[in-house]
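J.: only geometry, no sequence info:
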């Protein structure tokens, strides 16, 4: 009887072991699954700081805190969406608005929370109030009790230790235009010197330094490139994967031709904070300018998945991934979406560019005329609009003179931006100067733009592709793109 009993025990042990393996595997899959992401829609709110409007700065700071401390996916809206638009959103989406006051250097702040489901049921907003007190204490109290879990405890790295400097930070974070950022550089530098452990201060300085590349690099002083890198590097050291700072850093790296580093810091940040939409926007930008179009599309799709109907076009650039892929319908849709949020020289240029590409010169001229208005910004695209306007109006000599002057001015800037230089190459080609065109196309490649698909298919670059130097340039573009594809396959772009 002992042998059958032993066999029975062994069988039971095998069954128990198998069940343990299955249970462990199930638990591993469960633990490996990313935690569900909270979506928060922040509504623009005003906040007066002794006569200065700092609502935009407080919104930026709160958004950073939501992303860093709670891992929330944050979107922004200028006002409460209409009921019809609310019904398109997930019912659990949280909405946040705020109001408060400055009392000396003390902060009194109320956050008001709601959800889509509650709003559609006419439920009231839930206030979360911090009485007037030191800003660090006020913000910390709010973070500890807001209706999202705290995944990271880095409040000390996000809020200045000094109450007066908290208000200086909000002033800096409220700046939205490039020239004002340049004018504020001395104050931003003084803030990080006084608050060297505050990542938010370093991120604000990096933002302002990056903007100064475009308008007045001389005013920013010597060592602009290294100072900008240092500001963003300090932010990342204090708060690894800081979403907004990493995104801006990646833009600067891409604009200066270092897509490899841009993609590396973005990839590292995504591993730590996978629910941050701007990180995928940065990936798409670095990817498309490197010719990694499949990866760029994957990053854009991931951003759309995160934001859903809350997704809005970037305020930093026009998304051209679909243009380079030859998907004109998708690019037209992207342009239409962008034009509903802003009407600047960048949008008008691409609307005219696309109309010309589609054989609609009359509509192209209308856009280029509007974009060349002296009041339009950003300046580089306003300048391009003038060149294309001259071409469309049959003034090629004037257009070439204008383009050469722009070329000389851009040589003085410290941010090359190969994608923009490529647009210069197309303009030279259209205006009949193939030698200057191939020079510009080569410079665009040196500056980091290596999207082989668009070099090879852009209808505006025909004369350049007929130039004797084209085969060598084409080979170099393809070789660099292949190397980057090996390092950053589509799977590296999330999704």
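T.: Great, that's in hand. These figures come from a predicted structure and were not determined experimentally. Numbering: from 1, shown residues only.

J.: Can you tell me the element the residue minimising distance to the centre of the chain falls in?
T.: Among the residues of the chain, the one closest to the centroid is residue 278, at 4.4 Å (CA atoms, centre = their mean). Assigned by DSSP states H and E, residue 278 belongs to helix 277-289.

J.: Kindly report the same for residue 426.
T.: For residue 426, the element it lies in under DSSP H and E is helix 418-430.

J.: Would you mark the buried spots in the next helix or strand after that helix?
T.: Remark: after helix 418-430, the chain's next helix or strand is helix 434-446, criterion DSSP H and E. Across helix 434-446, burial judged by 16 or more other CB atoms under 10 Å covers 434, 436-445. Glycine gets a C-beta too; all of them are placed from N, C-alpha and C.

J.: just the strands in this protein please.
T.: For the chain, applying DSSP state E gives strands covering 39-43, 48-49, 52-53, 73-77, 94-103, 106-115, 126-133.

J.: Turn those into JSON lines, including mean pLDDT.
T.: As requested, those are exported to JSON lines (pLDDT from 0 to 100):
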{"stretch": "strand 39-43", "mean pLDDT": "96"}
{"stretch": "strand 48-49", "mean pLDDT": "92"}
{"stretch": "strand 52-53", "mean pLDDT": "93"}
{"stretch": "strand 73-77", "mean pLDDT": "95"}
{"stretch": "strand 94-103", "mean pLDDT": "96"}
{"stretch": "strand 106-115", "mean pLDDT": "97"}
{"stretch": "strand 126-133", "mean pLDDT": "95"}
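
J.: for these, which one sits closest to residue 273?
T.: Closest to residue 273 of the strands of the chain, according to CB to CB: strand 73-77, at 9.9 Å.

J.: chain center to stretch 392-411: distance?
T.: Distance of stretch 392-411 from its chain centroid, counting by CA atoms, centre = their mean, to the nearest Å, is 31 Å.

J.: for it, what is the average pLDDT?
T.: Mean pLDDT, stretch 392-411: 89.

J.: ok, now stretch 212-229?
T.: Stretch 212-229 comes out at a mean pLDDT of 78.

J.: What of stretch 258-277?
T.: Rounded mean pLDDT across stretch 258-277 is 96.

J.: ok, now stretch 301-320?
T.: 88.

J.: Now do it: everything it contacts.
T.: 37, 39, 41, 73, 75, 77, 85, 88-90, 93, 251, 275, 277, 280-281, 284-285, 288, 300, 331, 334-335, 337-338, 341-342, 346-347, 350, 419, 493-495 (CB atoms under 8 Å, 6 or more residues apart in numbering).

J.: one more time with 7 Å, if that's ok
T.: 37, 41, 73, 75, 88-90, 251, 275, 277, 280-281, 285, 288, 334, 337-338, 341-342, 346-347, 350, 494-495 (CB atoms under 7 Å, 6 or more residues apart in numbering).

J.: Also stretch 153-171?
T.: The contact list for stretch 153-171, computed with CB under 7 Å, 6+ apart, reads 49, 52, 54, 57-58, 61, 64-65, 68-69, 102, 105-106, 134-136, 139-140, 143, 187, 191, 194-195, 197-201, 204, 238-239.

J.: now do stretch 108-122
T.: By CB under 7 Å, 6+ apart, stretch 108-122 touches 83, 86-87, 89-101, 125-132, 138, 142, 146-147.

J.: For PyMOL, what selects the buried ones among those residues?
T.: To isolate the buried ones among the contacts of stretch 108-122 in PyMOL, judged by 16+ other CB under 10 Å, type:
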select buried, resi 86+89+93+94+95+96+97+98+100+128+130+138+142+146
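
J.: For residue 349, see how far away residue 343 is.
T.: 12 Å (CB to CB, to the nearest Å).

J.: Comparing those two, which shows the higher neighbour count?
T.: residue 349 (27 against 14; other CB atoms under 10 Å).

J.: Residue 460: which of the buried residues of helix 434-446 is nearest?
T.: Distance to residue 460 across the buried residues of helix 434-446 (CB to CB) is lowest for residue 437, with 9.5 Å.

J.: hang on, the closest one packs against residue 430?
T.: No: counting by CB atoms under 7 Å, residue 437 does not reach residue 430; the two are 8.6 Å apart.

J.: So, low pLDDT: which residues of the stretch 351-495 of the chain?
T.: Where the stretch 351-495 of the chain drops to pLDDT under 70, the residues are 410-415, 495.

J.: For residue 435, which non-adjacent residue is spatially closest?
T.: Nearest non-adjacent residue to residue 435, counting by CB to CB, 6 or more residues apart in numbering: residue 467, 7.5 Å away.

J.: list the contacts for residue 330?
T.: Counting by CB under 7 Å, 6+ apart, residue 330 makes contact with residue 322.

J.: Wait, residue 351 touches residue 368, no?
T.: No: the criterion here is CB under 7 Å, and residue 351 misses it with residue 368 at 9.0 Å.

J.: Need phi/psi at residue 184.
T.: phi -100, psi 0 (degrees, to the nearest 10).

J.: Which other helices and strands does the helix holding residue 278 contact?
T.: Applying 3 or more CB pairs under 7 Å, 6 or more residues apart in numbering; DSSP states H and E, one finds that helix 277-289 contacts helix 243-255, helix 259-272, helix 293-307, helix 321-325.

J.: got these as JSON lines, with mean neighbour count and distance to residue 381 columns?
T.: Listed next are the helices and strands packed on helix 277-289 as JSON lines, based on neighbours: other CB atoms under 10 Å; distance: least, CB to CB, whole Å:
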{"stretch": "helix 243-255", "mean neighbour count": "25", "distance to residue 381": "14"}
{"stretch": "helix 259-272", "mean neighbour count": "21", "distance to residue 381": "21"}
{"stretch": "helix 293-307", "mean neighbour count": "21", "distance to residue 381": "21"}
{"stretch": "helix 321-325", "mean neighbour count": "22", "distance to residue 381": "15"}
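
J.: Residue 231: which of those is closest?
T.: Across those, closest to residue 231 is helix 243-255 (CB to CB), at 8.3 Å.

J.: which other helices and strands contact that closest one?
T.: Short answer (3+ CB pairs under 7 Å, 6+ apart): helix 243-255 packs on helix 199-215, helix 224-238, helix 259-272, helix 277-289.
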